[in-house]
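Asks: Below: sequence and its predicted model.
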Amino acid sequence: MKTGPIIVFDLDGTLAWTEKYWLPVMAEVVEHINAENNWTAGFSALEDILTHLGKPAEEIMAFIYPQATTAEIDHILEVKADLWRELLGKYPFELFPGVLETLAQLREMGFRQYVSSNCDEIYLDRMLTTTGIGEFMDDAACLGMYPKWEKKDFTRKMLESVEFERGAFVGDSFHDMHAGRHNGLTSIFADYGYGQSAPDLIDLRLDQISSLPSLLANW
């Protein structure tokens, strides 16, 4: 069985330059939901929801529609899921500059690499297969595989048979840092991403993805 260091990556705001395609997709989703329900979204500009990227879908939609009941949020999630899958192919995925080169360098350094994301399975599969990052990943897990699970728990499930000397979780949100801490991983916060985290959960900080190899060189 392989041993050695591992890195678990979040997707949105860590590897994926999500605003490039997520904002136009969400603009169409919100427009459809507004028209269907005669609602007004609870934010002044679509960019306001970028800080919620990487959170479970129900949290994002509850932020957008604070007036919605739990039953209405459930319906919105069904509508969003259908529209999301339909629109995903319309806007190509983009990665932050230097992602593929960084993953290749980390592989050469002996790191096994994983993805843990609060996305659905279709999104995860398309991200892995269309951007090239899947070539570097030993495994991947997402919320869509384990509905209602927290990221720390499905990350643990993914890693349960993985032996490693040391490991890190790289992400841009509380959920990521929390998952790292609860799985015995060094929590590395991506300052260039969209989210926030409690400082006491952050072990190291990363200014850009291409800086990760040097950050870990003497780790």
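Replies: Perfect, thanks for sending it.
Asks: Compute the distance between Asp203 and Phe111, please.
Replies: 16 Å (Cβ to Cβ, to the nearest Å). Quick note: C-beta positions are derived from backbone N, CA and C, even for glycine.
Asks: These two: which is more packed in?
Replies: Each of Asp203 and Phe111 has its neighbours counted (other Cβ atoms under 10 Å); Phe111 has more, 23 against 15.
Asks: What does the pLDDT read for that one?
Replies: Model confidence at Phe111, expressed as pLDDT, equals 97.
Asks: dump the residue contacts of it.
Replies: With contacts defined as Cβ atoms under 8 Å, 6 or more residues apart in numbering, Phe111 is in contact with Gly4, Pro5, Ile6, Ile7, Leu216.
Asks: can you list these in JSON lines and add pLDDT, distance to Met158 and secondary structure?
Replies: Formatted as JSON lines, those follow (pLDDT from 0 to 100; distance: Cβ to Cβ, whole Å; DSSP: H, G, I helix; E, B strand; the rest coil):
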{"residue": "Gly4", "pLDDT": "86", "distance to Met158": "17", "secondary structure": "coil"}
{"residue": "Pro5", "pLDDT": "96", "distance to Met158": "16", "secondary structure": "coil"}
{"residue": "Ile6", "pLDDT": "98", "distance to Met158": "10", "secondary structure": "strand"}
{"residue": "Ile7", "pLDDT": "98", "distance to Met158": "13", "secondary structure": "strand"}
{"residue": "Leu216", "pLDDT": "95", "distance to Met158": "20", "secondary structure": "helix"}
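Asks: Relative to Gly193, which of the residues you listed is nearest.
Replies: Nearest to Gly193 out of these is Ile7 (Cβ to Cβ; 15.6 Å).
Asks: mind listing what that closest one touches?
Replies: Ile7 makes contacts with Leu106, Phe111, Arg112, Gln113, Tyr114, Gly167, Ala168, Phe169, Val170, Leu216, as judged by Cβ under 8 Å, 6+ apart.
Asks: Check Arg107 too.
Replies: Taking Cβ under 8 Å, 6+ apart as the criterion, Arg107 is in contact with Gln113, Phe136.
Asks: how much space between it and Asn118?
Replies: 25 Å.
Asks: picking that back up, closest one to Ala81 out of the contacts of Ile7, please.
Replies: Checking the contacts of Ile7 against Ala81 with Cβ to Cβ, the nearest one is Tyr114 at 24.8 Å.
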